[in-house]
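K.L.:
I would like the atomic coordinates for the input below:
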Amino acid sequence: MLPEVEAWLGRRTTTSSDWSARALLSAKRGTVSVVLPARDEAATVGDIVSAIRRDLVEAVPLVDELVVIDSRSTDDTAARAVQAGAKVFAQDEILPELDGPAYDGKGEALWKSLAVTTGDLVVFVDADLQEFRTSFVTGLLGPLLADPAVAYVKGCYDRPLLGAPGTTGPDGPDAATAGGRVTELVARPLLNMHWPLLAGFVQPLAGEYAGRRSALERVPFVTGYGVELGLLIDLLELAGLDALAQVDLGRRVHSHQSTEALGGMAGQIMHTAWSRLERQGRVIPLHDPSPRLTQFQRGLDGHLPVEREIAVAERPPMLSVPQYATRLP
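P.N.:
Sure, this is the predicted structure:
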């Protein structure tokens, strides 16, 4: 690990228990928006919204906006979120006047959330979390409210792989850290090889993070699963390592994707990394990476190839969008 990264770890890593809601309220300057991107998360989104409203809107008025971006759900996600007290926006109804296609993916929902929120600080929380605690939100806000030099905060945590073979016995893998397979197999090696200043992030793909609007609106958003990696790399370039921080949120539990789905995510993350390597002049491209991923499934006649698209579109910095820029003071 680079000496500057080791020093950063000690200086910019805290835990959620370091930041109480009452103390943060005293330190609060400006407004706070909490955003949940959600697709078919009716089973969990209501409990998350209810907890945030109860603890951080009503008991302690720390959060000013609580927004769910419904990303083409086919279940009762939107209704559950409204019933729990969130303001809900349909992803495809935000900025409908934009030219070009309506993109899919988590990053599209996050990018569009900037256009329908007003908070000076924006907190993003995944909507599929189980055992959710509002200390996720207060922990992410802590470094931003305590130090104006901090522009972006990532969550880190123990990530159990529930129900995986070998994770329960005393001789098996550690169940608390067996999750995050794409992080360990793809994202962490990429960051250590090409952006070693980011090697100190425990969970670079964490879905819980917060930033100053003034920073988030100045970087592009990958529309797919590469959004977390892209933001981390682009914000490092924009603001420098000392403007980034991380907070230990404890334990994060959510549903797990299949191995095949993780392969598609890994492909999108690799495409995201490639685009940044090329943009930053870190590689001399001799070809364009293939946008297709071939995987195999067992069928009656043997292994059958299944192809999926893994190319990722990218939205420009929101500040460059005229419809957004004209609303600013």
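
K.L.:
and G281, how many residues sit next to it?
P.N.:
7 (other CB atoms under 10 Å). C-betas here are computed from N, CA, C, even on glycine.

K.L.:
tell me which residues of the strand or helix carrying M270 are tucked away?
P.N.:
Assigned by DSSP states H and E, M270 falls within helix 259-279. Under the neighbour-count criterion of 16 or more other CB atoms under 10 Å, helix 259-279 has 262-277 buried.

K.L.:
helix or strand right after that helix?
P.N.:
Where DSSP H and E defines the elements, the next helix or strand beyond helix 259-279 is strand 292-299.

K.L.:
in that next one, what counts as buried?
P.N.:
L293, Q295.

K.L.:
for it, packing partners?
P.N.:
Applying 3 or more CB pairs under 8 Å, 6 or more residues apart in numbering; DSSP states H and E, we find strand 292-299 packed against helix 259-279, strand 302-309.

K.L.:
a markdown table please, covering these and showing mean pLDDT.
P.N.:
Shown next, in a markdown table, are the helices and strands packed on strand 292-299 (pLDDT from 0 to 100):
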| stretch | mean pLDDT |
| --- | --- |
| helix 259-279 | 95 |
| strand 302-309 | 95 |
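
K.L.:
any idea which element the residue lying closest to D18 once chain neighbours are set aside lies in?
P.N.:
Using CB to CB, 6 or more residues apart in numbering and skipping residues adjacent in sequence, the residue nearest D18 is G142, 6.2 Å away. Counting by DSSP H and E, the element that carries G142 is helix 135-146.

K.L.:
follow the chain on from that helix and name the next helix or strand.
P.N.:
strand 152-158.

K.L.:
neighbouring strands for that next one, and are they parallel or not?
P.N.:
For strand 152-158, the paired strands and their directions (DSSP bridges) read strand 209-212 (antiparallel), strand 244-251 (parallel).

K.L.:
wait, which of those strands is closest to P305?
P.N.:
Of all the strands paired with strand 152-158, strand 209-212 sits nearest to P305, with 36.3 Å by CB to CB.

K.L.:
picking up where we left off before, deepest of the strands paired with strand 152-158, which one?
P.N.:
By mean neighbour count, with neighbours taken as mean count of other CB atoms under 10 Å, strand 209-212 ranks first of these at a mean of 26.

K.L.:
so which residue is smack in the middle of the protein?
P.N.:
G207 (3.2 Å; CA atoms, centre = their mean).

K.L.:
and the pLDDT at it?
P.N.:
Here, the pLDDT recorded for G207 equals 94.

K.L.:
so it makes contact with V227?
P.N.:
No. The pair G207 and V227 does not pass the contact test of CB atoms under 8 Å, sitting 9.4 Å apart.

K.L.:
reformat the helices and strands packed on strand 292-299 as a markdown table; add distance to T15.
P.N.:
Listed next are those as a markdown table, based on distance: least, CB to CB, whole Å:
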| stretch | distance to T15 |
| --- | --- |
| helix 259-279 | 27 |
| strand 302-309 | 38 |
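
K.L.:
looking at those, which is nearest to G240?
P.N.:
helix 259-279 (16.1 Å).

K.L.:
I'd like the strands paired with strand 152-158 as CSV, with distance to A79 appended.
P.N.:
Converted to CSV, these look like this (distance: least, CB to CB, whole Å):
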stretch, distance to A79
strand 209-212, 27
strand 244-251, 28
